[in-house]
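Chemist: Build the 3D model from these lines:
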Amino acid sequence: MHPEATGDLSGLLSELIVAAKTINAEVNMAGLADILGMAGKTNIQGEHVQKLDELANNTIKRRMARCGYICVMTSEEEADIIPVAEGSVGKYTLAFDPLDGSSNIDVNVNIGTIFSIHRRKSTNDLTPQGEEADLLQKGRDQVAAGYIIYGSSTMMVFTTGEGVHGFTLDPSVGEFYLSHPDIKIPERSKYFSVNEGNYNFWSSEVRRFVDYLKENDKETGRPYNARYIGSLVADFHRNLIAGGIFLYPRDNRNPAKPHGKLRLLYEAAPLAFLVEQAGGRAITDDGMNIMDIEPTSLHQRVPLVIGCRHEVDMFEEFVIGTR
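Modeler: Below is the predicted model of the structure:
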């Protein structure tokens, strides 16, 4: 144990685990409990909110607001910061995607909760609640990040900067047990994950890279095999364990989203922390390290290239080196 440890971070993670168990129970009963389908509203991203999205968001908010370990929260589902209960202010912040991959809820595809934790920066005793600036911190400054994936088994995968560890939920006793200690992503792989439906909207460099991966050349281990689930947390988890590169580059289809689709605080930064701790890399499609991006807004979007070091290096050389 670290000599300066107070137990607050462990307590925070324990509270998140309780919220995850609640969400997991609802996900497992979704088809029987009338919580599939749309909730009849849209979120700050302009996306239709699923009933389970709303349930997961509210579950985390309620659990964490009074836990005493955080000073402020932000959710992918809400426009503004989320204050904690008066008298329950702690020293950490929490950014979360309550149910990543929610467009796949109705078809029983893996979904998950992604979270990112920072230490608060503000120290104004007159306003003990945290501020937006406490949340707008680089991925490099995270103290913990991870996800809970709800699938054939429910797993929590997280890092506190000392490796990546996976815990599997034993439903018979309701506890998570260490099942995947010190996860390391393979150095290189034979898989790639990308939505090729966007092919015609990518830059010519990105198109050439994907074409290269699909060419037949036994000497260089090509073609790569395509594995795309369409749920970021599921695609990332598969690549973390089995190896692969995931790409969600910017495209020219939607001028309102010139910087890509995925959110920096809730998706890209926490997964970048995990993949770096596991030996991989995460960059934007113009080569910037995801962990070094300074956030400017709660719902900032970024392009994402993440996975095995060899393939991300190859993307960087192939795509960025040709510009």
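Chemist: Next, the contact list for the closest residue to I82 other than its chain neighbours, please.
Modeler: Counting by Cβ to Cβ, 6 or more residues apart in numbering, I82 lies nearest to M73, which is 4.1 Å off, once chain neighbours are set aside. Where you see a C-beta, it was placed from the backbone N, CA and C, and this is true even at glycine. By Cβ atoms under 8 Å, 6 or more residues apart in numbering, the contact set of M73 is I60, K61, M64, A65, I81, I82, P83, V84, T93, L94, A95, F96.
Chemist: partners of the host helix or strand of M73 in the sheet?
Modeler: For M73, the element it lies in under DSSP states H and E is strand 70-75. Using DSSP bridges, strand 70-75 pairs in its sheet with strand 82-83 (antiparallel), strand 92-100 (parallel).
Chemist: Check what pLDDT the residue nearest to I82 gets.
Modeler: Looking at M73, its pLDDT stands at 98.
Chemist: try S122
Modeler: pLDDT, read off for S122, is 84.
Chemist: can you check I44 too?
Modeler: For I44, the model assigns a pLDDT of 56.
Chemist: low-scoring stretches of the stretch 51-200 of the chain, by residue?
Modeler: Counting by pLDDT under 70, the ranges of the stretch 51-200 of the chain that qualify are 124-127.
Chemist: Mind listing what's buried along the helix or strand hosting M64?
Modeler: M64 is part of helix 51-65, with elements assigned from DSSP H and E. Neighbour-count burial for helix 51-65 flags 51-57, 59-61, 63-65 (criterion: 16 or more other Cβ atoms under 10 Å).
Chemist: helices or strands next to it in the packing?
Modeler: helix 8-28, strand 38-42, strand 70-75, strand 82-83, strand 92-100, strand 111-119 (3 or more Cβ pairs under 8 Å, 6 or more residues apart in numbering; DSSP states H and E).
Chemist: ok and it relative to strand 70-75, angle-wise?
Modeler: Angle between the axes of helix 51-65 and strand 70-75 is 170 degrees (criterion: axes from the mean of the first three to the mean of the last three Cα atoms, to 10 degrees).
Chemist: How far does helix 51-65 sit from its chain's centre?
Modeler: In terms of Cα atoms, centre = their mean, to the nearest Å, the centre of helix 51-65 is set 17 Å apart from its chain centre.
Chemist: quick one: contacts for the residue nearest to the spatial centre of the chain?
Modeler: In the chain, the residue lying closest to the centroid (Cα atoms, centre = their mean) is E267, at 3.3 Å. Applying Cβ under 8 Å, 6+ apart, we find E267 in contact with E76, D97, D100, I114, L232, L304.
Chemist: cool, and D141?
Modeler: Residues in contact with D141 (Cβ under 8 Å, 6+ apart) are H118, R119.
Chemist: Make TSV from the contacts of E267 and add distance to D217 and neighbour count to it.
Modeler: TSV is the format used below for the contacts of E267 (distance: Cβ to Cβ, whole Å; neighbours: other Cβ atoms under 10 Å):
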residue	distance to D217	neighbour count
E76	40	24
D97	38	28
D100	35	29
I114	36	29
L232	29	26
L304	27	28
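Chemist: just to revisit the earlier point, can you list the contacts of M73 in JSON lines and add distance to D217?
Modeler: Below are these laid out as JSON lines (distance: Cβ to Cβ, whole Å):
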{"residue": "I60", "distance to D217": "47"}
{"residue": "K61", "distance to D217": "51"}
{"residue": "M64", "distance to D217": "50"}
{"residue": "A65", "distance to D217": "55"}
{"residue": "I81", "distance to D217": "50"}
{"residue": "I82", "distance to D217": "51"}
{"residue": "P83", "distance to D217": "56"}
{"residue": "V84", "distance to D217": "55"}
{"residue": "T93", "distance to D217": "47"}
{"residue": "L94", "distance to D217": "46"}
{"residue": "A95", "distance to D217": "42"}
{"residue": "F96", "distance to D217": "42"}
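Chemist: Not counting sequence-adjacent ones, nearest residue to E15?
Modeler: Going by Cβ to Cβ, 6+ apart, E15 has C67 as its nearest residue, at 4.3 Å.
Chemist: How about F201?
Modeler: D251 (3.5 Å).
Chemist: ok, that neighbour touching Y199?
Modeler: No. Here D251 does not reach Y199: they are 9.1 Å apart, not a contact under Cβ atoms under 8 Å.
Chemist: For these two, work out which one has more neighbours and name it.
Modeler: D251 (20 against 13; other Cβ atoms under 10 Å).
Chemist: Wait, a strand at the more buried one?
Modeler: No. Assignment of D251 by DSSP: H, G, I helix; E, B strand; the rest coil gives coil, placing it outside any strand.
Chemist: Report the contact partners of it.
Modeler: Applying Cβ under 8 Å, 6+ apart, the residues near D251 are N198, F201, W202.
Chemist: Quick check: it vs K184, distance?
Modeler: From D251 over to K184 the distance is 32 Å, taken as Cβ to Cβ, to the nearest Å.
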